[in-house]
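In: Next comes the sequence, and after it the predicted model I'd like to discuss.
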Amino acid sequence: HGRDDRPVVTHSEPRSISRETTFEHDLHARRDREQLSAIFTTLCERVADDLRRKGYVGRTIGIKLRYDDFSTLTRDQTLAEPTDNAAAIRAAAGRCLKRVPLERRLRLLGVRVGTLSRAQGTDADPANAEDAAPGGRLPQPSAVVAVAVAVAVNEPAPPPYAPATPQLPLFDAREGPDPA
């Protein structure tokens, strides 16, 4: 009862790497489109940075939305080839967004890359990977951010956004009444 002679395994390969942000105030897809687009792009860039830093590429790109009523919705898209490229992740995640209703206000937005494999020519050891941003800098605090690399880890949000990835439209201006 409770005894086992096998050695304890303290490291396992991650199944996915993701970033998600819970907003201080619920954001609306239309009225807060510019802000959401910048946040979305930054999440994609940070996931891509995490993948490269840890030596992975992934084929399945996913999004996670939590609405103002706390219901949560996810959508995934599997790519033909694995990637760690922020623009490719952003494009696939954007296609996932086109398949979700955006009439309700959003509490959380997340981006995930799964179906991971080791990047070619990488000898990075994920067990020794630092949780610092590229260049060893930690992000400056500005909002609550939940970061998941197989399990959730809290850290400060990035500073105000100046994304390196070209901005793409995030949310379509949908027809119909504007919910409050």
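Out: Everything's here; your move.
In: Show me the shaky parts of the protein.
Out: Residues of the chain that meet the criterion pLDDT under 70 lie in 121-180.
In: For it, which segments are assigned as helices?
Out: 33-54, 86-97 (DSSP state H).
In: The last one packs against which elements?
Out: Helix 86-97 is packed against helix 33-54, strand 56-67, strand 72-83, strand 106-118, with contacts defined by 3 or more Cβ pairs under 8 Å, 6 or more residues apart in numbering; DSSP states H and E. (Glycine included, C-beta is placed from N, CA and C.)
In: Pipe the helices of the chain into JSON lines and attach mean neighbour count per row.
Out: Converted to JSON lines, the helices of the chain look like this (neighbours: other Cβ atoms under 10 Å):
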{"stretch": "helix 33-54", "mean neighbour count": "21"}
{"stretch": "helix 86-97", "mean neighbour count": "20"}
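In: So which of those is nearest Val8?
Out: Proximity to Val8 (Cβ to Cβ) singles out helix 33-54 among these, at 22.4 Å.
In: what packs against the closest one?
Out: The contact analysis (3+ Cβ pairs under 8 Å, 6+ apart) places helix 33-54 against strand 16-27, helix 86-97, strand 106-118.
In: could the ones you listed be laid out in JSON lines, adding distance to Glu34?
Out: Output for those, formatted as JSON lines (distance: least, Cβ to Cβ, whole Å):
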{"stretch": "strand 16-27", "distance to Glu34": "10"}
{"stretch": "helix 86-97", "distance to Glu34": "15"}
{"stretch": "strand 106-118", "distance to Glu34": "14"}
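In: out of the ones you listed, nearest to Ser71?
Out: Nearest to Ser71 among the helices and strands packed on helix 33-54 is strand 106-118 (9.7 Å), distances taken as Cβ to Cβ.
In: Adjacent strands (with direction) for the closest one?
Out: If you go by DSSP bridges, strand 106-118 pairs up with strand 16-27 (antiparallel), strand 56-67 (antiparallel).
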